[in-house]
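Asker: Need coordinates for the below:
(2 chains)
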Amino acid sequence: GQQVMQIPQYQHVQEGEDFTTYCNSSTTLSNIQWYKQRPGGHPVFLIQLVKSGEVKKQKRLTFQFGEAKKNSSLHITATQTTDVGTYFCADNSGAGSYQLTFGKGTKLSVIP
Amino acid sequence: DAGITQSPRHKVTETGTPVTLRCHQTENHRYMYWYRQDPGHGLRLIHYSYGVKDTDKGEVSDGYSVSRSKTEDFLLTLESATSSQTSVYFCAISEFGTGETGYTFGSGTRLTVV
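Answerer: So this is what the prediction gives:
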């Protein structure tokens, strides 16, 4: 199926610093979704991006979809300890649009 | 999340025994999924269902079977459990196959095969 690569795998930041995770594909994506998983928890849907160059914001979180629809990013401004967790991107561009293929995630640690 | 429950939450079983995990939803969503999560591998799709009695294989289906006899229940069976199937299993539901509103995940089942 479709492969989405996420970088970095881990990120440690001081509270108040910004954080960005990237999701890249070698082929064009139909859309991209982002999820957050808190430690010991389950993935929670954050947002879906569909249009080329799309930018969406949720409070301190900014999501972007690349112009060529081959990459996406999630940026968190002024991280807080509540942002700790693993952030996954996922796409359903692969064989059979009924299934999402997840990246391996970026694990964010926030040092108070 | 409300509307989807997995059982059991934790299970320890012996190698070679069959194991069934249950996912129950009250949202009347058509699409249901089983994923496994392992360190370094992220979430990988095992099987999914697009309706009652309609199922298909995912990326890592070997050693697993599923059944969906009712809209609300999706069962995952490990036919003969192996240590490599030690993992956290998540069920997910979706109203639309392409997931416009995203997937809703259950709280997971932590399975240990000894």
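
Asker: Contacts only, for the closest residue to residue B:41 other than its chain neighbours.
Answerer: Using CB to CB, 6 or more residues apart in numbering or on different chains and skipping the chain neighbours, the partner closest in space to residue B:41 is residue A:104 (6.8 Å). Every residue, glycine included, has its C-beta placed from N, CA and C. Residues near residue A:104 by CB atoms under 8 Å, 6 or more residues apart in numbering or on different chains: A:5-6, A:9, A:88, B:40-42.

Asker: Just put those in TSV and tack on distance to residue A:54.
Answerer: Converted to TSV, those look like this (distance: CB to CB, whole Å):
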residue	distance to residue A:54
A:5	20
A:6	19
A:9	25
A:88	18
B:40	30
B:41	29
B:42	24
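
Asker: List only those of the residues you listed flagged as buried.
Answerer: Buried by 16 or more other CB atoms under 10 Å in any protein chain shown: A:6, A:88, B:42, out of the contacts of residue A:104.

Asker: So which of these sit within strands?
Answerer: Counting by DSSP state E, the buried ones among the contacts of residue A:104 place A:6, A:88, B:42 in strands.

Asker: what pLDDT does the residue nearest to the last one when sequence neighbours are not counted get?
Answerer: Counting by CB to CB, 6+ apart, the nearest residue to residue B:42 once its immediate chain neighbours are dropped is residue A:104, at 3.9 Å. You'll see residue A:104 listed with a pLDDT of 94.

Asker: Which of the three states applies to residue B:84?
Answerer: helix (DSSP: H, G, I helix; E, B strand; the rest coil).

Asker: give the contact list for it.
Answerer: residue B:113.

Asker: cool, residue A:77 as well?
Answerer: A:18, A:60-62.

Asker: Pull the most distant pair out of those.
Answerer: The largest separation in the contacts of residue A:77, counting by CB to CB, is between A:18 and A:61 at 11.1 Å.

Asker: what's the burial count for residue 81?
Answerer: Looking at chain A here, since you left the chain open. Neighbour count for residue A:81, taken as other CB atoms under 10 Å in any protein chain shown: 10.

Asker: To clarify, I was referring to chain B.
Answerer: Neighbour tally, residue B:81, other CB under 10 Å: 22.

Asker: Could you pull up phi and psi at the residue of chain B at minimum distance from chain A?
Answerer: Nearest to chain A in chain B, going by CB to the nearest CB, is residue B:102, at a distance of 2.9 Å. Here is the backbone geometry of residue B:102 (degrees, to the nearest 10): phi 80, psi 170.

Asker: ok, and the closest non-adjacent residue to it?
Answerer: residue A:45 (2.9 Å).

Asker: The one you found is in contact with residue A:35, isn't it?
Answerer: Yes: counting by CB atoms under 8 Å, residue A:45 does reach residue A:35; the two are 5.7 Å apart.

Asker: Neighbour count: the two, which is higher?
Answerer: residue A:35 (24 against 19).

Asker: Let's see the pLDDT reported for the more buried one.
Answerer: Reported pLDDT for residue A:35: 97.

Asker: Give me the distance between stretch A:34-50 and the centre of its chain.
Answerer: Relative to the chain's own centre, stretch A:34-50 is displaced by 8 Å; criterion: CA atoms, centre = their mean, to the nearest Å.

Asker: List the strands paired with the lowest-mean-pLDDT helix or strand in chain A, with their directions.
Answerer: In chain A, the helix or strand scored least confidently by mean pLDDT, DSSP states H and E is strand A:101-102, which has a mean of 90. Note on strand A:101-102: by DSSP bridges, its sheet partners are strand A:85-91 (antiparallel).
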